[in-house]
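> Provide a 3D model corresponding to the input given below.
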Amino acid sequence: MAVLAACMLIADLYLAPVYPFLLLVILLLALGASSELHRLLQFLPNRPPFWLCAGGVLAVLLANWPVHILDYYLGGSGQAKLQFGLDPWQFVAFTFAGATMLAFVAEAPRYRNDGGALLRIALAILFVAYLGLLPCFLVQLRWPAPPPYPGPPHGALTMAIFVPKFGDVAAYFTGRLFGRHRMAPAISPKKTWEGFVGGLLGAVLTALLLNRTLNPLLQAVHFDPAFDLAGQSSVLRGGDWAALGFGLTVGLAGVLGDLAESLIKRDCRRKDAADTVPGFGGVLDVIDSVIFAAPVAYLWLRW
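A predicted model of the protein is given here:
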């Protein structure tokens, strides 16, 4: 996992605008998570077909790339929108809309008056929204935002991944050492309020550290001359105060993401999504906090 993260965040810096390591990691995680979630749904009646769920997830994720690649060949970020009115979120939105429409169309030939069509449609849309649409907010942080404010060029994705994950780590150890008061026993019996506080502190400290060190580090090692980092001493506009707010809100969103996945598992009568990742459970158990925190991180890093 550490090697994949390093390749995605460092080696990809020289491989714009395709960013093949990000593409590979995202597709592999999406396939693994889709397989696990679909297996979980077998405990519910009227599960939608795997090809529809996984196909929708992969299509929505792939929709992040075309406009950015076109930007590169047109001369820079935002050129596709300036010259042709194309925006990457348009591609994502229309692909998600297409997956939603396909969920309805796919039910027509299999309908047998069994009362399960609407449930299958709803589950398919939820599936694509959860594993396809939410991670798009993370993927979009790989490319710089168009002018007038280009946004953080490289540190954005690093912060969006590591702040909620280090919050997870801090919550785990704090809960193990000091946890006494159960936080949500019906959904996640092992989570405690002490772990929750420790997780937020871990997320805040990680945000403060990364916000101060990422851009100076990139300048020191001269990564990717395509972006001018001169004068950008921190990733977030607003310095330490912004990092404090980022850590609190993104850390909280990460906790909610963990609880959201626990809700799915409990409703499907499972403890872990799978045993794919030793010591963690399944792929879903690894990425749940990050994909839920992604929209919140995007708001901080792009607006």
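> From residue 176, how far out is residue 74?
Distance of residue 74 to residue 176, given as C-beta to C-beta, to the nearest Å: 52 Å. In this view, the C-beta of every residue, glycine as well, is placed from N, C-alpha and C.
> Which one of these two is surrounded by more residues?
residue 74 (16 against 13; other C-beta atoms under 10 Å).
> which residues of the chain score low on pLDDT?
Counting by pLDDT under 70, the chain has low-confidence residues at 1-2, 114, 146-154, 218-233, 271-280.
> per the record, what domains does it have?
The record assigns the chain these domain ranges, following automatic domain parsing: 1-144, 151-303.
> what about residue 299, distance to residue 250?
10 Å.
> For these two, indicate the residue with more neighbours.
Between residue 299 and residue 250, counted using other C-beta under 10 Å, residue 250 has the larger neighbour count: 31 against 13.
> helix/strand/coil for the more buried one?
helix (DSSP: H, G, I helix; E, B strand; the rest coil).
> wait, doesn't it sit right on residue 160?
Yes. Taking contacts as C-beta atoms under 8 Å, residue 250 lies within contact range of residue 160: 7.4 Å.
> shared neighbours, those two?
By C-beta atoms under 8 Å, 6 or more residues apart in numbering, residue 250 and residue 160 have these common neighbours: 293, 297.
> quick one on the thing from earlier: ok, and which of the domains of the chain has the densest surroundings?
Ranked by mean neighbour count, these are led by domain 151-303 with a mean of 19 (mean count of other C-beta atoms under 10 Å).
> what residues are up against the nearest residue to residue 11 once chain neighbours are set aside?
Closest residue to residue 11 apart from its sequence neighbours, by C-beta to C-beta, 6 or more residues apart in numbering: residue 21 at 5.7 Å. Residue 21 makes contact with 4, 7-8, 11-12, 15, according to C-beta under 8 Å, 6+ apart.
> So which of those residues are in helices?
If you go by DSSP state H, those have 4, 7-8 in helices.
> Can I get the residues you listed in CSV including distance to residue 169?
Output for the ones in helices among the contacts of residue 21, formatted as CSV (distance: C-beta to C-beta, whole Å):
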residue, distance to residue 169
4, 17
7, 21
8, 19
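> ok, so what distance separates residue 137 from residue 296?
From residue 137 over to residue 296 (counting by C-beta to C-beta), the distance is 8 Å.
> Please, which helix or strand holds the residue nearest to residue 11?
Element membership for residue 21, per DSSP states H and E: helix 20-40.
> likewise residue 190?
According to DSSP H and E, residue 190 maps onto strand 188-192.
> send the alpha carbons of that strand over as CSV?
Written as CSV, here are the backbone C-alpha positions of strand 188-192 (Å, rounded to 0.1, in the frame of the first residue of the first chain):
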residue,chain,number,x,y,z
SER,A,188,-19.6,0.0,15.3
PRO,A,189,-19.2,-1.5,18.8
LYS,A,190,-15.5,-0.8,19.1
LYS,A,191,-15.6,2.9,18.3
THR,A,192,-15.3,5.1,21.3
